[in-house]
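In: Dropping the sequence and predicted coords here.
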Amino acid sequence: MKRVITYGTFDLLHYGHINLLRRAKALGDYLIVGITSDDFDRCRGKINVRQPLMERVTAVSELGIADEIIIEEYEGQKINDIQKYDIQIFTVGSDWTGMFDYLNEYCQVVYLERTKGVSSSEIRGERRNIRLGIAGDDEYLIKFYEESQFVNGLQVTAFYKERLTGVGEEYKAQTYVTDNFDKVLDLTEAVYIHSYPQRHYELIKRALQRGVHVLCESPMVLFPEQLTELEELAKEHHCILMDALRTAYSTAYMRLLLLLKGGIIGSVKSVDATCTSLKHQKKFETGDLRKEWNTICAWGPTAMLPVFQILGTDYKSKVMASHVLNEDESFDLFTKIDFIYENAVASIKIGQGVKSEGELIVSGTKGYIYVPAPWWKTDYFEVRYENLEKTKRYFYQLDGEGIRYLLVAFCKAIESGISPGFIRREVTREFVHVIHKFYGKDFYKI
Ligand code: C2G
C-alpha cells in the first residue's frame with residue numbers, strides 16, 4: 001500500500017484545494033491530510049484565516065477524499081509524520097516548489113501544479129472590503145498603514161492629518177490625504193484614530209454619528225462620562241468602538257494570560273510593569289505640550305493592561321506619584337502607581353523623562369513569569385521557579401508589533417458586530433478613571 005501525505009490550511013475550501021487533494025489521492029492508495037492548527041497558521045504569518053480549525057477539518061473530511069486527517073501544529077512536524085505514518089510520498093502544490101526538497105531524505109516529494117485563478121485570500125478579499133481611514137498626526141500612522149497591507153479585504157482609502165505634513169504624503173497615490181475629517185468619513189466604513197488624547201473624544205463622536213466604526217488608541221477619552229456617552233452612541237449606530245492597545249492582541253501576551261489563569265505560577269500576588277521611552281524627550285523642552293502625549297496617557301494604559309487583566313479592576317486603593325513639568329503640572333514625565341488588592345498588589349512605572357528596565361514580572365506562590373524589555377511588544381517570556389532547571393521558555397512570532405493582529409480583530413468585529421473580548425470594557429473604563437484621577441491632581445508630586 002502506497003501512503004501519501006499532504007498539508008494545508010484549507011481555509012474557505014475551494015476547487016483549487018479539491019483538485020490538489022484528488023491528485024494527491026491518485027498518487028497512492030491511502031491519503032493522509034495534515035490540516036494546520038489556528039496557532040500554527042498564526043505563528044507562520046497566516047493571520048487572515050477565516051475559519052477555525054474544526055470547520056476546516058469538517059470541510060475537508062466531508063469531501064470523502066482523505067483516508068485520514070491529522071493536525072499540523074508545529075514547524076518540523078512533517079518529518080515526524082512521514083516516519084510515524086510510514087509515508088512513501090509527500091505532495092503539495094507547485095507554489096511550494098523547492099521548499100520541501102529536504103523531505104526527499106525521507107520519502108518521494110511531488111509538487112502538483114497549482115490550480116490557477118482561485119485562492120483563499122482572493123475569496124477573503126471578495127467577501128470583505130472594508131475601507132479604512134487613518135486619523136492623526138504621528139509617524140506611527142505610517143507603520144499602521146504598512147501593517148494594514150497584510151490584512152485581506154482591508155484598504156486604507158484616506159489619511160486625515162492634523163499636523164505633520166509628511167505623514168501620508170508618500171501615499172497620495174493610493175489614498176486621499178486631507179485635513180478635513182468629514183471628508184475621511186465620506187470615504188470609509190472604519191477609522192483608526194491616533195491623534196492626541198484631548199482630541200480623541202470629538203473625532204470618535206463624529207465618526208460614530210456617521211455610522212463609521214472606530215479603532216482608537218488608548219486612552220480613548222479623558223473623562224469617564226465621555227466614554228459612557230460614546231459607548232451609547234456606538235450601540236445606537238450599531239458601530240464597533242474598539243480600544244487599539246496592540247499589546248492585548250500579541251500572541252505571546254495572550255498565551256501568558258492563559259498560562260496564568262491555568263495556575264502555572266500558583267496564585268498571583270504581584271504584577272509589576274515598567275514602560276519607559278525617552279524618544280520624545282526633546283519635544284517636551286520646546287514643543288506645544290497641548291498636543292503632546294504626557295506619560296500617563298502615552299504609557300498608562302499599556303502598563304495597566306496586565307494589572308487589570310490579571311488582577312481585575314476592583315483594587316481597594318491606589319497610590320500615585322508623579323514627576324511633572326513645573327510649567328505644566330498636567331504633564332508628567334514619570335509616574336508610579338501602586339494598586340492594593342484584597343489578596344495582591346501591583347505596581348506600574350512609566351516614564352518619558354525617566355529611563356528604567358521595561359520588563360513585566362508576574363509573581364506567584366509557585367514561581368514567576370518574566371517578560372524582558374520591551375515586554376509590551378514581546379514574542380518571548382519565561383516561567384521561572386526556585387529550581388532554575390525547571391524554567392519554561394515560550395516564543396511566539398510577533399510580526400509588525402502586533403498591529404496586523406489588531407487590525408484582523410477589528411475587521412472580524414466589524415463583520416460580526418461583536419467587539420472582541422481582548423480588552424474588556426471595564427478595563428478600558430478603568431484606564432480612563434485612573435487617568436482622570438491624575439488630571440484631578442490625585443497624586444504625590446515627586
Ligand atoms: N492549492 C492549489 N491551488 C490553489 C490553491 C491551493 O493547488 N489555487 C494547494 C496548495 O498548494 C496547497 C493546498 O492546496 O498544497 C492547500 O493550500 P492552502 O490551504 O493555501 O495551504 P498552504 O499553506 O499553501 O499549504 O506546509 C505546507 C503548507 O501548509 C501548504
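Out: That came through, no problem. Residues are numbered from 1 along each chain as shown.
In: Name the residues of the host helix or strand of R124 that are buried.
Out: Following DSSP states H and E, one finds R124 within helix 120-127. Residues of helix 120-127 classed as buried: S120, I123, R124, G125 (neighbour count, 16 or more other C-beta atoms under 10 Å). Any C-beta I mention is one placed from the backbone N, CA and C, and that applies to glycine too.
In: Nearest to L407, out of the residues you listed: which one, please.
Out: R124 (13.4 Å; C-beta to C-beta).
In: what packs against the one helix or strand F144 maps to?
Out: Using DSSP H and E, the element containing F144 is helix 140-148. Under the contact definition 3 or more C-beta pairs under 8 Å, 6 or more residues apart in numbering; DSSP states H and E, helix 140-148 sits against strand 130-136, strand 154-161, strand 190-194, helix 403-416.
In: what angle separates that helix from strand 130-136?
Out: Calculated by axes from the mean of the first three to the mean of the last three C-alpha atoms, to 10 degrees, helix 140-148 forms an angle of 160 degrees with strand 130-136.
In: Buried residues, the lowest-mean-pLDDT helix or strand in the chain. List them.
Out: When each helix and strand of the chain is scored by mean pLDDT, DSSP states H and E, helix 281-286 comes last, with a mean of 78. For helix 281-286, burial by neighbour count (16+ other C-beta under 10 Å) applies to F284.
In: next one: stretch 70-90
Out: I70, E72, Q77, K78, D81, I82, I87, Q88, I89, F90.
In: Apart from its neighbours in sequence, what residue is nearest M220?
Out: The shortest distance from M220 to any non-neighbouring residue, by C-beta to C-beta, 6 or more residues apart in numbering, is to H200 (5.4 Å).
In: Give me the distance between that neighbour and the ligand.
Out: H200 sits 39 Å away from the ligand, going by C-beta to the nearest ligand atom, to the nearest Å.
In: buried sites along the helix or strand harbouring that residue?
Out: According to DSSP H and E, H200 maps onto helix 197-209. Residues of helix 197-209 classed as buried: P197, R199, H200, Y201, L203, I204, K205, R206, A207, L208 (neighbour count, 16+ other C-beta under 10 Å).
In: Mind pulling the model confidence for the closest residue to F223 other than its chain neighbours?
Out: Among residues not flanking F223 along the chain, H436 sits closest, at 6.1 Å (C-beta to C-beta, 6+ apart). Looking at H436, its pLDDT reads 97.
In: before we move on, what about the one 5 residues further on?
Out: In this prediction, K441 carries a pLDDT score of 95.
In: same thing with Y394?
Out: At Y394, pLDDT is 95.
In: Next, the contact list for the residue lying closest to it once chain neighbours are set aside, please.
Out: Spatially, and ignoring its direct neighbours in sequence, Y394 is nearest to F381 (5.5 Å; C-beta to C-beta, 6+ apart). For F381, the contacting residues are A252, L256, L360, I369, Y370, V371, P372, W375, R393, Y394, by C-beta atoms under 8 Å, 6 or more residues apart in numbering.
In: does the fifth one really touch E359, like I thought?
Out: I take that to be Y370. Yes. Counting by C-beta atoms under 8 Å, Y370 does reach E359; the two are 6.9 Å apart.
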